[in-house]
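Colleague: please find the sequence and the predicted model below.
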There are 2 protein chains.
Amino acid sequence: VTAIICDNLCIIGAGLIGGSIARSVQKRGLARHVTVYDASESVRERVRELGFADAVPDAIADAVKGADIVILCVPVGACGAVASQIGSHLKAGAIISDTGSVKGAVVKAVQSHLGADVHFIPAHPVAGTEYSGPDSGFDGLFDNRWCILTPFENTDATALKNLTTLWEKMGANVETMTAEHHDLVLAITSHVPHLIAYNIVGTAADLEQVTQSEVIKFSAGGFRDFTRIASSDPTMWRDIFLNNKAAVLEVLGRFTEDLIALQRAIRWDEDEKLFDLFTRTRTIRRSIIDVGQDAAEADFGRPHALKQDYEK
Amino acid sequence: VTAIICDNLCIIGAGLIGGSIARSVQKRGLARHVTVYDASESVRERVRELGFADAVPDAIADAVKGADIVILCVPVGACGAVASQIGSHLKAGAIISDTGSVKGAVVKAVQSHLGADVHFIPAHPVAGTEYSGPDSGFDGLFDNRWCILTPFENTDATALKNLTTLWEKMGANVETMTAEHHDLVLAITSHVPHLIAYNIVGTAADLEQVTQSEVIKFSAGGFRDFTRIASSDPTMWRDIFLNNKAAVLEVLGRFTEDLIALQRAIRWDEDEKLFDLFTRTRTIRRSIIDVGQDAAEADFGRPHALKQDYEK
């Protein structure tokens, strides 16, 4: 049984996601030949050093030429420009996909640049870390994570099956939904959480009565968790918010409404209201652990210097 | 050189914090005798099974009798009632301390129940996990974490020195400040972050257009981090918000103001404003890692099944 999904796989953008796909495909032998392109010359050079691609051409047209599957792994706001550069160089029958955290805007930006003879299937692997760049990726990033595909009504069934198999072989679980629904789901599970994390870190930095040094020293009380998320790639996240504006603003409106109600409960000593919410939220955590989307170990399993010591 | 700080240490409340102090003191031999009391009979029974105390009496008066240091490790809202129960049973010259995340309200609730012949020194170790109960504690919880003491102007210098040494020997760094300043610092580094984590998890659960199962499946996009914090002990956190109302409402007002500005920046495509904030927040993360308050490893070092595999 061969693991090969295609002869030539091309990845545009060698950051955390692109680099992880390349490493994963290379390790599992899912393509005979992996080509990686990045707009930055220094990144291309680094990819050659790291060795997770069979070829790293200097021209994007050369990169996509002859590719069976092309995956755009660039910030959401750059997808349209990349599509316009590669549109006329694609092989007939090729699958074009992406990995953006927003789907509606990407479809709008990309589709018009592609010919009718290629299969465009938007995708979004829901996985990542707070790091970025060619060194940050690793095989296993997609293991037991979900990859959402948002095919069109007339998407070719064989192309869809091939792309699904590629993601599954990289360890992911695949689900399909409409681009519109994807953008709403991700607004609540990813985009708004990132926004409020960025926001609380900004608020803390700006408080005149508390020094930066105090914020940092006493961050173990909860704040430090937010700083991890708030250290994610600025370009990527700026693009996400601007390109999923409608859903983000809608969910944000709900969040703020709920927060105001919670604020009022504190002001008026509504102890039961607080206790009930805090009890309800515990069950959601439990479910996330039960389905393997997070570790059960205390504090994410972060090292506590003497813990192991004591347990001996 | 002996490590002993006192003959008899008494801990009231055998949850995460009380259990961690007892284990830490026992392991390092910081007291000749550790007594633990908990209001719950089943918890007392469990402490006897776990064996992290030399004595677990059934009456709180017996527990504090003869103790040199008594540390209240109960929810902030219970400190006053506990103080009223133990006030007349304390040894002259004893140090009474606590571990509450709020200091002003605890001082108000506790002080009137204590005689002039004991030393009351409020304390707050800024450390914890999302778990609670007698099984959740561990030696090492306080290692390289900060413990804030909020002594009064007339606090006895020797008593303060003894309590400081106890925390330092448990691995903590000690800092002193006023109760009022403590409550403001913790509002931003801990209380408001917890509140918005509870809130976003509640908002997600209530969104009609997104199923609970979708929220759970796609939580790796960022949401799951918030659920850890939102699974912390409901009683403890209800008490914190109600007892640090002024500072929490003040910081929450700043947070909301900043969030509305961010929302407006998204609506009006103010890309530079977003990019600047997202860049600024990265440096705070860097500082927290640099001073050892969090791990530098991606994703808090959470397990990615195949990561180790690839790196081999």
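Modeller: That came through fine. Predicted, not measured: the structure shown is a model, and the values here were computed from it. Residues are numbered from 1 along each chain as shown, chains lettered A, B, ... in the order given.

Colleague: just give me the neighbour total for the closest residue to A:V210 other than its chain neighbours.
Modeller: With CB to CB, 6 or more residues apart in numbering or on different chains as the criterion, A:V210 has its nearest non-adjacent residue at 5.2 Å, and that residue is B:V185. In this view, the C-beta of every residue, glycine as well, is placed from N, C-alpha and C. B:V185: 27 surrounding residues under other CB atoms under 10 Å in any protein chain shown.

Colleague: and for A:V201?
Modeller: A:V201: 28 neighbours (other CB under 10 Å).

Colleague: list the contacts for it?
Modeller: A:F223, A:F226, A:T227, A:A230, B:T281, B:I284, B:R285 (CB atoms under 8 Å, 6 or more residues apart in numbering or on different chains).

Colleague: adjacent strands (with direction) for the helix or strand harbouring A:I11?
Modeller: Here A:I11 sits within strand A:6-12, counting by DSSP states H and E. In the sheet, strand A:6-12 lines up against strand A:31-37 (parallel), strand A:69-72 (parallel) (DSSP bridges).

Colleague: list the buried residues in the helix ranked longest in chain A.
Modeller: Across chain A, the longest stretch assigned as helix under DSSP state H is helix A:245-267. For helix A:245-267, the neighbour count (16 or more other CB atoms under 10 Å in any protein chain shown) marks A:245, A:247-252, A:254-256, A:258-259, A:262-263, A:265-266 as buried.

Colleague: same check, this time on stretch A:279-287
Modeller: So, applying 16+ other CB under 10 Å, buried residues of stretch A:279-287: A:R280, A:T281, A:R282, A:I284, A:R285, A:S287.

Colleague: okay, and the first one sits in which element?
Modeller: By that I understand A:R280. helix A:271-290.

Colleague: what about chain A, any weak spots by pLDDT?
Modeller: Within chain A, the stretches with pLDDT under 70 are A:1-2, A:304-312.

Colleague: which stretches of the stretch 1-150 of chain A form strands?
Modeller: A:6-12, A:31-37, A:69-72, A:95-98, A:119-121, A:123-126, A:146-149 (DSSP state E, counting those that start in this stretch).

Colleague: alpha carbons only: can I get the second one in PDB?
Modeller: So that's strand A:31-37. In PDB, the C-alpha atoms belonging to strand A:31-37 read as follows (Å, rounded to 0.1, in the frame of the first residue of the first chain):
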ATOM      1  CA  ALA A  31       4.100  13.300  -2.300                       C
ATOM      2  CA  ARG A  32       7.000  12.200  -4.600                       C
ATOM      3  CA  HIS A  33       8.300  15.800  -4.700                       C
ATOM      4  CA  VAL A  34       7.700  18.800  -2.400                       C
ATOM      5  CA  THR A  35       8.300  22.300  -3.700                       C
ATOM      6  CA  VAL A  36       8.300  25.200  -1.300                       C
ATOM      7  CA  TYR A  37       8.200  28.900  -2.200                       C
END
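
Colleague: and it, how far out from the chain middle?
Modeller: Centre-to-centre, strand A:31-37 and its host chain are 21 Å apart (CA atoms, centre = their mean, to the nearest Å).

Colleague: now do it: everything it contacts.
Modeller: A:4-14, A:18, A:22, A:25-26, A:44, A:47, A:52-57, A:60, A:63-64, A:67-69.

Colleague: and A:D269, what are its phi and psi?
Modeller: phi 60, psi 40 (degrees, to the nearest 10).

Colleague: give me the number of residues near it?
Modeller: Neighbours around A:D269, by other CB under 10 Å: 12.

Colleague: ok, now which ones touch it?
Modeller: Contacts of A:D269 by CB under 8 Å, 6+ apart are B:L242.

Colleague: any idea how far it is from B:V251?
Modeller: Remark: distance between A:D269 and B:V251 (CB to CB, to the nearest Å) = 19 Å.

Colleague: gap between the two ends of stretch A:282-298?
Modeller: 14 Å (CA to CA, to the nearest Å).

Colleague: same check on stretch A:57-77?
Modeller: 23 Å.

Colleague: ok, and for that stretch, which residues are buried?
Modeller: Result for stretch A:57-77 [16+ other CB under 10 Å]: buried residues A:57, A:60, A:63-65, A:67-77.

Colleague: give me the helices and strands touching the helix holding A:R280, please.
Modeller: helix A:245-267, helix B:192-206, helix B:212-217, helix B:223-229, helix B:234-243 (3 or more CB pairs under 8 Å, 6 or more residues apart in numbering or on different chains; DSSP states H and E).

Colleague: any chance of CSV for these, columns distance to B:N162?
Modeller: CSV is the format used below for those (distance: least, CB to CB, whole Å):
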stretch, distance to B:N162
helix A:245-267, 36
helix B:192-206, 32
helix B:212-217, 49
helix B:223-229, 34
helix B:234-243, 27
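
Colleague: who wins for proximity to B:G140 among those helices?
Modeller: helix B:223-229 (19.1 Å; CB to CB).

Colleague: list the buried residues in stretch A:170-183.
Modeller: A:M170, A:G171, A:A172, A:N173, A:V174, A:E175, A:M177, A:A179, A:H181, A:H182, A:D183.

Colleague: okay, and which of those map to strands?
Modeller: In this view, the buried residues of stretch A:170-183 that belong to strands under DSSP state E are A:N173, A:V174, A:E175.

Colleague: run a quick neighbour tally on the residue nearest to the first one when sequence neighbours are not counted.
Modeller: It stands for A:N173. Setting aside the residues directly before and after it, A:N173 is nearest to A:W146 in space (CB to CB, 6+ apart), at 5.1 Å. A:W146 has 21 neighbouring residues, counting by other CB under 10 Å.

Colleague: returning to what we had before: out of the strands of the stretch 1-150 of chain A, flag the one nearest A:Q212.
Modeller: Judging the strands of the stretch 1-150 of chain A by CB to CB, what sits closest to A:Q212 is strand A:123-126, at 33.2 Å.

Colleague: quick one: strands adjacent to that closest one?
Modeller: Assessed with DSSP bridges, strand A:123-126 is paired to strand A:146-149 (antiparallel).

Colleague: can you list contacts of the strand it pairs with?
Modeller: Against strand A:146-149 from outside (CB under 8 Å, 6+ apart): A:103, A:121-126, A:160, A:163-164, A:167, A:172-177, A:182, A:185, B:217-218, B:220.

Colleague: repeat that for 10 Å
Modeller: A:97, A:99, A:101, A:103, A:121-127, A:155, A:160, A:163-164, A:166-168, A:170-177, A:179, A:181-182, A:185-186, A:293, B:214, B:217-221 (CB atoms under 10 Å, 6 or more residues apart in numbering or on different chains).

Colleague: quick check: angle from the helix holding A:R280 to helix A:245-267?
Modeller: Angle between the axes of helix A:271-290 and helix A:245-267 is 130 degrees (criterion: axes from the mean of the first three to the mean of the last three CA atoms, to 10 degrees).

Colleague: helix A:271-290: how far from the chain's middle?
Modeller: Worked out by CA atoms, centre = their mean, helix A:271-290 lies 26 Å from the chain centre.

Colleague: now the angle between helix B:234-243 and that helix, please.
Modeller: 140 degrees.

Colleague: okay, now A:G18: neighbour count?
Modeller: With other CB under 10 Å as criterion, A:G18 counts 26.

Colleague: in the stretch 1-150 of chain A, what residue is nearest chain B?
Modeller: A:G140 (2.9 Å; CB to the nearest CB).

Colleague: how close does that residue get to A:S24?
Modeller: In terms of CB to CB, A:G140 sits 7 Å off from A:S24.

Colleague: cool, A:I86 as well?
Modeller: Distance from A:I86 to A:S24, by CB to CB: 22 Å.

Colleague: equivalent analysis for A:T178, please.
Modeller: From A:T178 to A:S24 the distance is 27 Å (CB to CB).

Colleague: likewise for A:R282?
Modeller: Relative to A:S24, and taking CB to CB, A:R282 is found at 34 Å.

Colleague: A:H124 now?
Modeller: From A:H124 to A:S24 the distance is 16 Å (CB to CB).

Colleague: ok, which pair from the buried residues of stretch A:57-77 is furthest apart?
Modeller: Most distant of these, by CB to CB, are A:D68 and A:G77, 26.8 Å apart.
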